[in-house]
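# Take a look and give me a structure for this.
(2 chains)
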Amino acid sequence: MSTAGLEQLCASREIVITCGSGGVGKTTTAAAVGAMAASQLGGKVLVLTVDPARRLATALGLERFGNVETQVPPELFAAAGVEPKGELWAAMLDTKQSWDDLVKAHAPDPETRDAILANPLYRNITSKFVQSHDYIAMERLHEIHRSGRYDLIVVDTPPTRNAIDFLEAPDRMADFFSSRLLRWLITPYRSRLVNAASKPFYTIADRILGSQFLADIAEFFVLFQTMYDGFVERAEAVSRTIADRRTTFVVVSTLEDAPVREAEFFMQALVERELHLGALVLNKVLPPWFADDAAAEVADRLVREGPEVAAELARVGGADVGEPAQVARVLREIGQSYDDYRIVATREREKAASLARHPELVVSAPHLDHDVSDLTGLVALGRALW
Amino acid sequence: MGRDLELLERRLLFVTGKGGVGKTSVAAALGLLAAGRGQRTLLVEIDAKGSLADVLETRPTTFEPREVAPGLFAMSMDTEESLREYLKLQLRIPLLARIGPLAKSLDFVATAAPGVKEILTVGKIAWEVRERHYDLVVVDASATGHVVGQLAAPEAINELVQVGRIRDQTRWMIDLLSDPVVTGTVVVATPEEMPVTETLELVDRLEVETRVPLAAVMVNKVLPELFGRGEQEVFDRLCEQPHRSQLASVVAGPVDPVLDGADLAVRLRRSRAEHITRLRTELPRDLPLFYVPYLFTRAHGMRTTRTLADAVGAELGY
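Take a look at the predicted model:
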């Protein structure tokens, strides 16, 4: 069983960021940790999630609320047989809405604000670009943390192509807005054409993109430039929040090849950036009894000697189990099934061993029968992790 | 619609799906299968995370395709390289001298101009298909969240850019990508809640937002049915006392792990069956749905990919 739990971690931090590759149960883990923290530790706990499963959203009472922080009704805890010490709140990240809010906060005047919000390029960039999701998630986290409204914030990170993308998003955003290239691009279009040094670039760019499109881009950035100071300052503050000692990272993985590789890569990235790795949560782990050698021998025997075992079983009083040939078949099938799952369980144990360079950080959760669909399920998962 | 066309008769397949469903493995398996049937096949990894090299057990793939098995070539997408190649081939611009500043600013242009990165990706792939360098190109495409933007890029660019060279270029790409005899999307799912939900949403979005035809949905990691007719009842009685103890005394060893293990297998299979049912009932009727079994194997790399290719081949009727 696990030697560690998340209780200590949650009790000593203000921000818990879960990360890992897609499909490992990251969102559910974040919600389960939030539910446990709210019920066991007390205080106000917020789960900030990106894209929850519909059933999970319903379980948290999230469906109607989107970007707005909403309290999970205490009755849901009561129905799950839990008397919470604190409050659980939840919010979903609406990228578009969050970008709009950011623009509204930083635009120098209403005209610029409206011009940016109406710009088709702005809409494209904010709604389609993955990097903008990464950035806005961290930005929103920073904003909520700074407000001081919560004792603990559990964040579920967006499914990035590369797990470390969102760590770098604030820096990249700051780089982007302070880049020479950007300043160069937003110098008036005509004056650049007479500049001999940049002419080849524009000649090529014109031929590829068409000059009107290029001019549109330039115009968009002229508008955005007005928010430069605010943005860079903000991006740097967001970076500081992530590196703050009140923040910890929980890496989530299953014991399959690709997620494990990603988890290793991610833990390494955290170390390199001197960020705090709080725990490694392993989800959907097969039960330890698949490692039982004596049981494996029993399984082998059921496969090899099904009819003999069935006959013997009937003789010792098990005649009412079923017709012997059918019982023999069932015995063979369950023996075979045990062997099959044992192969997977063995591979899982090897993977877990390779991941556990910091065994004190490893927390395992079992394979659940069903996807978590209500607070009862979340609390059950949470207890396994706690 | 082209949906009655056999999967590998097309010339371009985009394999997509939610993260974690085995999209890369399925793409590699389709590639191996096609190459094994004598088709000269190119596998393209879009998000260069190195997963494709892992399942093929080969050194990291590069933009320059490399033969990784007889008749099977693999490459990874690199938009900067793609731009260089495009400039060289289409605009006949002398290399490097003038590309320098352009290549350096690519990241910027890609961020500023929506769709540039996507068009360089899709454009390179479509070009390989048009030039008939391969009989089949299988793309390990982006995950559900990004693939629609990628596949819709030529049309988006076509709408945004009113004049210029790129607009001319997008025309033939759109024709190629929207031809159901040439191109198809394969959505990979696993029988779990989120992958099924995302698959259903993606199928909708692909039909509404792109003109790239859907070829099939593949359900990966399908657990086997443990018991035949009437056997579940036998198993249930076996799990009850006194039979549980009787069995333990007959085999003179621990039976609980074996019985509990079978029970777990049954429950996992049952909860997954619900998701398969949901997928089957909610997908368009004429969209082929294939099932790929879960592989109980401790192997990884090429060996597993070959096993998977065999399983996919059996399901496709090859």
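
# Let me know the secondary structure of B:A216.
strand (DSSP: H, G, I helix; E, B strand; the rest coil).

# quick one: contacts for it?
By CB atoms under 8 Å, 6 or more residues apart in numbering or on different chains, the contact set of B:A216 is B:L7, B:G184, B:V186, B:V187, B:L287, B:P288, B:L289, B:F290. Where you see a C-beta, it was placed from the backbone N, CA and C, and this is true even at glycine.

# Of those, which pair is most distant in space?
Farthest-apart pair in the contacts of B:A216 is B:G184 and B:L289; separation 14.1 Å (CB to CB).

# hmm, which of the contacts of B:A216 are the buried ones?
B:L7, B:G184, B:V186, B:V187, B:P288, B:F290 (16 or more other CB atoms under 10 Å in any protein chain shown).

# Is the second one bridged to anything, and to what?
With DSSP bridges applied, the residues forming beta bridges to B:G184 are B:L13.

# Rebuild the contacts of B:A216 as CSV, extending it with distance to A:H106.
Listed next are the contacts of B:A216 as CSV, based on distance: CB to CB, whole Å:
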residue, distance to A:H106
B:L7, 50
B:G184, 45
B:V186, 43
B:V187, 40
B:L287, 46
B:P288, 50
B:L289, 49
B:F290, 50
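
# Let's have the residues you listed in CSV, adding secondary structure.
Below are the contacts of B:A216 laid out as CSV (three-state DSSP):
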residue, secondary structure
B:L7, helix
B:G184, strand
B:V186, strand
B:V187, strand
B:L287, coil
B:P288, coil
B:L289, strand
B:F290, strand
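
# between those residues, which is nearest chain A?
B:V187 (14.5 Å; CB to the nearest CB).

# For B:L206, see how far away the closest one is.
For B:V187, the distance to B:L206 (CB to CB, to the nearest Å) stands at 8 Å.

# go on, A:R383?
Taking CB to CB, one finds A:R383 at 40 Å from B:L206.

# And for B:H133?
26 Å.

# Quick check: pLDDT value at A:E14.
At A:E14, the pLDDT value in this model is 95.

# is the longest helix seen in chain B anywhere near chain A?
Using DSSP state H, we find that the single longest helix of chain B is helix B:256-282. Yes - using CB under 8 Å from any CB of the partner chain, we find that helix B:256-282 touches chain A at B:D256, B:P257, B:V258, B:L259, B:D260, B:G261, B:A262, B:L264, B:A265, B:R267, B:L268, B:S271.

# where's residue 234, which helix or strand?
Since you didn't name a chain, this refers to chain A. Taking DSSP states H and E as the criterion, A:R234 maps to helix A:228-243.

# that's the wrong chain, I meant chain B
helix B:231-239.

# For the next helix or strand after that helix, buried residues please.
Later in the chain than helix B:231-239, the nearest helix or strand by DSSP H and E is helix B:243-251. Going by neighbour count (16+ other CB under 10 Å), the buried part of helix B:243-251 is B:H243, B:Q246, B:L247, B:A248, B:V250, B:V251.

# residue contacts, A:A352?
A:L255, A:L282, A:V285, A:V362, A:S364.

# hmm, back to that, among the residues of helix B:256-282 next to chain A, name the least confidently predicted one.
B:S271 (87).

# Tabulate the contacts of A:A352 in a markdown table, adding columns for pLDDT.
Below are the contacts of A:A352 laid out as a markdown table (pLDDT from 0 to 100):
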| residue | pLDDT |
| --- | --- |
| A:L255 | 90 |
| A:L282 | 93 |
| A:V285 | 91 |
| A:V362 | 85 |
| A:S364 | 87 |
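
# Any stretches of the chain with poor pLDDT?
Going with chain A. A:1-4, A:51-55, A:62-66, A:120, A:124-132, A:159-165, A:173-174, A:176-219, A:358-359, A:369-371 (pLDDT under 70).

# oops, chain B please
B:1-5, B:90-115, B:160-166.

# what ranges do the strands span in it?
B:12-17, B:41-45, B:66-69, B:72-76, B:136-140, B:183-189, B:214-222, B:289-293 (DSSP state E).

# And the stretch 1-150 of chain A, by the same measure?
Counting by DSSP state E, counting those that start in this stretch, the stretch 1-150 of chain A has strands at residues A:15-19, A:44-49, A:70-71, A:87-92.

# Please tell me how far the longest helix of chain B is from the chain's geometric centre.
Mean-position distance between helix B:256-282 and its chain equals 24 Å (CA atoms, centre = their mean, to the nearest Å).
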